[in-house]
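Visitor: Just the structure for this:
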Amino acid sequence: MWIEEIRKRASGKRRTIILPEGYDPRVRAAAGIIEKKKIAGPVLLNEDYRGNDVKEKREHLRQAAVLLSEDKYDGMVAGAANTTSDVLRAAIKNTGLKEGTSVVSSFFLMEKEGLDAGERGGLLFADCAVVPAPDARKLADIAHTTAISARKILGWEPRVAFLSFSTKGSSDSDSVLKVRDAVAELKKRGCDFIFDGELQLDAAVVPEIASGKDPSGNLKGRANVLIFPDLNSGNIGYKIAQRLGNMRAIGPIMQGFRKPVNDLSRGCSAEDIADVAAFTVLQSDD
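Guide: Residues are numbered from 1 along each chain as shown. Here you go, the predicted model:
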């Protein structure tokens, strides 16, 4: 499984990851896993805090993000006890965005052993957690950034599909035109990876369907990065794959920050936190 490979690759990096929610027992347990598996050097903060004040928790996040911005540590993982908006706000204000990046976005690694799709059963879904209604330029940015993440973190050669309810002109609704404009925008950038759109999901990941619906396309039903047109479709899509398709969902993994910061679901387990820490380590290679 891909997550095992990610943990293994992270273990050789000798990075330090800040965990500002040391008052949460799951975070403390995750620190033990991270240390035991040699994923990173975990730095627990605020272990003695026993309150539940939102403003104080936000201040903990801010302080951790400041330490990260000063290059004292390599990455930060938070969100077990804070909202996504608070985690992202602390990161944006104190670490800033990576040069050339216009939007913070996210992806999920979706994987299922034995699945004949994507990259040996693995796919990246984006954006499923951050940007509610990206315009064409932001959609192109999300695709570009996720392709870079696929190559850098997982070692994949990206094959990116812009998803829609339409395949190559079967509809001309506004939502479809936005996807086409995003594809056109990415073409202007001269990217060194394969991408195509607009494509229905089956035409993106099933070669037999692609040969009928999109015979001249360059993905041939072998996409490994799926770009959803908006947050509604992305969030619904990954949850359907997870809950009904029995795929494992790892993430969301944030992208676009100057220094790697990752958010957690507040329902996360200690193992989930350790897995996200492994991704954070591999994002710190810039």
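Visitor: Report pLDDT for L68.
Guide: pLDDT recorded at L68 is 93.
Visitor: I'd guessed A274 sits against A40; true?
Guide: No: counting by Cβ atoms under 8 Å, A274 does not reach A40; the two are 9.2 Å apart. Where C-beta positions appear, they are placed from N, C-alpha and C, glycine not excepted.
Visitor: Now for those two: what residues contact both?
Guide: Jointly contacting A274 and A40 under the rule Cβ atoms under 8 Å, 6 or more residues apart in numbering are I34.
Visitor: Off-centre distance for the longest helix along the chain?
Guide: For the chain, the helix with the greatest residue count under DSSP state H is helix 136-154. Going by Cα atoms, centre = their mean, to the nearest Å, the spacing between the C-alpha centre of helix 136-154 and its chain's C-alpha centre is 10 Å.
Visitor: Check which residues of it are buried.
Guide: 136, 138-147, 149-150, 153-154 (16 or more other Cβ atoms under 10 Å).
Visitor: cool, stretch 195-215 as well?
Guide: Quick answer for stretch 195-215 (16+ other Cβ under 10 Å): 195-201, 203-206, 209-210, 213-214.
Visitor: Kindly report the same for stretch 48-64.
Guide: Buried-residue list, stretch 48-64, by 16+ other Cβ under 10 Å: Y49, K57, R58, H60, L61, R62, Q63, A64.
Visitor: Those in helices, which ones?
Guide: K57, R58, H60, L61, R62, Q63, A64.
Visitor: and the residue lying closest to the fourth one once chain neighbours are set aside, what is it in contact with?
Guide: Distance criterion Cβ to Cβ, 6 or more residues apart in numbering; nearest residue to L61, sequence neighbours excluded, is A90 at 3.9 Å. Contacts were defined as Cβ under 8 Å, 6+ apart; by that measure A90 touches R58, L61, R62, A64, A65, A78, V261.
Visitor: change it to 7 Å
Guide: L61, R62, A65 (Cβ atoms under 7 Å, 6 or more residues apart in numbering).
Visitor: R9 now?
Guide: Counted by Cβ under 7 Å, 6+ apart, R9 has contacts L282.
Visitor: Could you report the distance from it to A31?
Guide: 20 Å (Cβ to Cβ, to the nearest Å).
Visitor: now K93
Guide: 26 Å.
Visitor: mind listing the strands for this protein?
Guide: 16-19, 41-44, 75-78, 105-111, 122-126, 159-163, 194-199, 225-227, 248-255, 261-263 (DSSP state E).
Visitor: who does the fourth one pair up with?
Guide: Right, strand 105-111. Neighbouring strands of strand 105-111 in its sheet, by DSSP bridges, are strand 122-126 (antiparallel), strand 248-255 (antiparallel).
Visitor: Output that strand in CSV with nothing but the alpha carbons.
Guide: Written as CSV, here are the backbone C-alpha positions of strand 105-111 (Å, rounded to 0.1, in the frame of the first residue of the first chain):
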residue,chain,number,x,y,z
SER,A,105,-5.7,23.6,-1.7
SER,A,106,-5.7,19.9,-0.6
PHE,A,107,-5.7,16.4,-1.8
PHE,A,108,-6.6,13.0,-0.5
LEU,A,109,-4.7,9.9,-1.2
MET,A,110,-7.3,7.3,-1.9
GLU,A,111,-6.1,3.7,-2.1
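Visitor: Tell me the one among the buried residues of stretch 195-215 nearest to L177.
Guide: E198 (9.1 Å; Cβ to Cβ).
Visitor: Run through the bridge partners of the residue sitting nearest the centre point of the chain.
Guide: Per Cα atoms, centre = their mean, the C-alpha nearest to the average position across the chain is that of F107, at 2.4 Å. When bridges are called by DSSP bridges, F107 pairs up with A126, I253.
Visitor: show me the contacts for it.
Guide: L124, F125, A126, T146, S149, G251, P252, I253, Q255.
Visitor: that older thread, can you add distance to R14 and give the contacts of A90 back as JSON lines?
Guide: Output for these, formatted as JSON lines (distance: Cβ to Cβ, whole Å):
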{"residue": "L61", "distance to R14": "25"}
{"residue": "R62", "distance to R14": "27"}
{"residue": "A65", "distance to R14": "22"}
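Visitor: Let me have those in CSV, extended by distance to E185 and pLDDT.
Guide: As requested, the contacts of A90 are exported to CSV (distance: Cβ to Cβ, whole Å; pLDDT from 0 to 100):
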residue, distance to E185, pLDDT
L61, 34, 94
R62, 35, 94
A65, 31, 94
